[in-house]
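J.: Build me a model:
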Amino acid sequence: MPSASMRGFLGFVAGVIAVLTFHQGMVIALHGIAPGWVPFAAFRTTPVPPFGVPTIVSNCFWGGVWGTLFGLLLPRFTWPQWLCGLVLGVIAAMAGWFIVAPLKGLPIAAGWVPLSMLRSLLINGSFGLGVGLILPLLMPRSLLHAHT
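T.: Okay, the predicted model is just below:
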């Protein structure tokens, strides 16, 4: 198993890639299926306070942070990594509902609107699934199988 620092770094990279592919891919799919339900397009460049970075850059950064956490916890996982990734996405959605939303002055849990909550679970769940599928592909093969 790679060192904690290597797992954290690769987790960050996997998180960024998962945002750009799985997360934004789900936004594209949902926006295409039901534009009224997902009124925003993928790869948004709207500035995000407090630093004014584009939304997609902010999403990539926070996806990388979640990916780092996933990479650091990797040795503790007993379920398949894709399933652990899906759980990561659900936890990220819940953090958005109960921590991030109140900090931004927004209603908790997407205002308890079931369709909005489902949208968040689908987008963040796909992100987590992506992390769980991408991280093993980034692991150095020599280190990944060193103990087998």
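
J.: Show me the helices in the protein, by range?
T.: Counting by DSSP state H, the chain has helices at residues 4-18, 24-33, 55-73, 81-95, 101-103, 114-138, 141-144.

J.: what's the closest of those helices to residue 46?
T.: Of all the helices of the chain, helix 55-73 sits nearest to residue 46, with 5.0 Å by C-beta to C-beta. For every residue, glycine as well, the C-beta is placed using N, CA and C.

J.: Next, the buried residues of that closest one.
T.: Within helix 55-73, the residues that qualify as buried are 56, 58-60, 62-64, 66-71, counting by 16 or more other C-beta atoms under 10 Å.

J.: now the residue nearest the centre of the chain: how far from residue 5?
T.: Nearest to the mean C-alpha position of the chain, counting by C-alpha atoms, centre = their mean, stands residue 127 at 4.0 Å. To residue 5, residue 127 is 23 Å away according to C-beta to C-beta, to the nearest Å.

J.: Switch the buried residues of helix 55-73 over to TSV; also include distance to residue 30.
T.: Below are the buried residues of helix 55-73 laid out as TSV (distance: C-beta to C-beta, whole Å):
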residue	distance to residue 30
56	16
58	19
59	15
60	19
62	19
63	17
64	23
66	20
67	22
68	27
69	25
70	23
71	27
